[in-house]
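[1] make a model of this:
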Amino acid sequence: MFVQLRYTFRLYPAPGQCQALARAFGCARVAYNDTIAARREAWGDGQRRLSDAEVSKRLTESKKTPERAWLAEVSSVVLQQAIAEANSAHRNWLASLSGKRKGPTLGAPRFRSRRDNRQAIRFTKNARFAITTGGKLRLPKIGDVLVTWSRDLPADPSSVTVILDAAGRYHASFVVQVDDALLPPVETEAGIDLGLASFAVCSNGRVIDNPRFLRNAEKRLKRAQQALSRKEKGSNNRKKAVRTVARANAKVADARKDFLHKTSTTIIRENQAVYVEDLCVKGLARTKLAKSVHDAGWGLFLRLLQEKAARYGRTFAKVDRWFPSSQVCSACGIKDGPKPLSVREWTCPHCGTRHDLDQNAARNIHLEGRRTAAGRAASACGEDVRPGSGPADPDEAGTHRSAA
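    Coordinates of the predicted model:
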């Protein structure tokens, strides 16, 4: 099975190449905005369907006019990719309106601006980009750009995206297609309970500390924001202060992403099966713990675990978010009821076992995850996974005999 991976490296273009890239960013932005404007006009006139070929033809004709002749100064592939992104955004919006696209309803595509925090252009194989023998990235109508390689690409890239972020850094993002790299099987499994005091607690006893990247950098960010607020709007000093704030935030984000990648890779390599709780991160991000939840990066961590488990041949399953993992004794299975966040240890009133709250939750997630994964496997094989008849739980809600 083939999977597509993305590898990102830093670029260091020369001053002339920076001007060429800025020109390419601007032309791609104009092509994108023209496509969005054309589709908006067609939508308003009742002509809901505007073919991709018609949009591309309009771009070709506009390059022949004196007002848009400068579009020919950049690679045509860059412009065609910008049009393709606009077409995809419009189709996703229509699919969201009709209910064909899952998830929350999307808004109509918006125009791009030169003041956006992120500028990007994409080159495909048709653009004939290449990696030179000296390790530079050769881009059409831009030149050979210096790349800082941290590793070798596992295969020839199918496309490369040049990105300029808010911190003023250039990146090259390569897309490559590789085979699944299955890891040798191991006997260990892990249930993971995510938290804020500790980032994660595993059922095997391992505790991963919460690095709190944003909390630790708050003073530095505060000073940078205060310096920015004192600069006059429109001045060069304010532009420099904006770049300083962006670099400070980028440093926090990069450190968090590096931590999540390394932690998820270690967990996947050491365990044959990984079970986690299906957290509603969006809901938790609307509580008073929003800053801490965003700082922990739970959503990205769960996504990385799932993607790497699929690539390396590991089992990954999510336990239902309503499963009372912290209320059930992992030794005897008795449900002891909810507990406040201030309670970190408790004793089971039935068997007398002393539990650490997070360790007990991780063990319960491990047990429930194995049941969930076994049920899915049996369902895939066509077996009957419905529980057999038996006496009802006395605590289970139901209808009284005297009702109705």
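
[2] could you chop the protein up by domain?
    2-179, 189-380 (automatic domain parsing).

[3] could you export those domains as JSON lines, including mean pLDDT?
    Converted to JSON lines, the domains of the chain look like this (pLDDT from 0 to 100):
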{"stretch": "domain 2-179", "mean pLDDT": "92"}
{"stretch": "domain 189-380", "mean pLDDT": "90"}
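
[4] as JSON lines, those domains with mean neighbour count would be great.
    Placement of C-beta: from N, CA and C, glycine included. Formatted as JSON lines, those follow (neighbours: other C-beta atoms under 10 Å):
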{"stretch": "domain 2-179", "mean neighbour count": "15"}
{"stretch": "domain 189-380", "mean neighbour count": "16"}
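
[5] surely Ser292 and Leu196 touch.
    Yes. Contact status for Ser292 versus Leu196: in contact at 5.0 Å, counting by C-beta atoms under 8 Å.

[6] strands of the stretch 201-350 of the chain, start to end?
    207-209, 273-277, 315-319, 345-347 (DSSP state E, counting those that start in this stretch).

[7] let me have those strands in JSON lines, extended by distance to Lys335.
    Formatted as JSON lines, those follow (distance: least, C-beta to C-beta, whole Å):
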{"stretch": "strand 207-209", "distance to Lys335": "25"}
{"stretch": "strand 273-277", "distance to Lys335": "17"}
{"stretch": "strand 315-319", "distance to Lys335": "15"}
{"stretch": "strand 345-347", "distance to Lys335": "12"}
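
[8] for this structure, what spans make up the helices?
    Per DSSP state H, the chain carries helices over the ranges 15-44, 52-62, 76-98, 213-216, 218-229, 236-270, 281-284, 290-296, 298-312, 357-380.

[9] distance to Asp116 added to those helices, as a markdown table?
    Shown next, in a markdown table, are the helices of the chain (distance: least, C-beta to C-beta, whole Å):
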| stretch | distance to Asp116 |
| --- | --- |
| helix 15-44 | 8 |
| helix 52-62 | 21 |
| helix 76-98 | 13 |
| helix 213-216 | 23 |
| helix 218-229 | 18 |
| helix 236-270 | 12 |
| helix 281-284 | 24 |
| helix 290-296 | 22 |
| helix 298-312 | 22 |
| helix 357-380 | 41 |
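
[10] among the ones you listed, which is nearest Arg114?
    helix 15-44 (6.8 Å; C-beta to C-beta).

[11] what's near enough to touch Asn204?
    Shown in contact with Asn204 (C-beta atoms under 8 Å, 6 or more residues apart in numbering): 188, 190.
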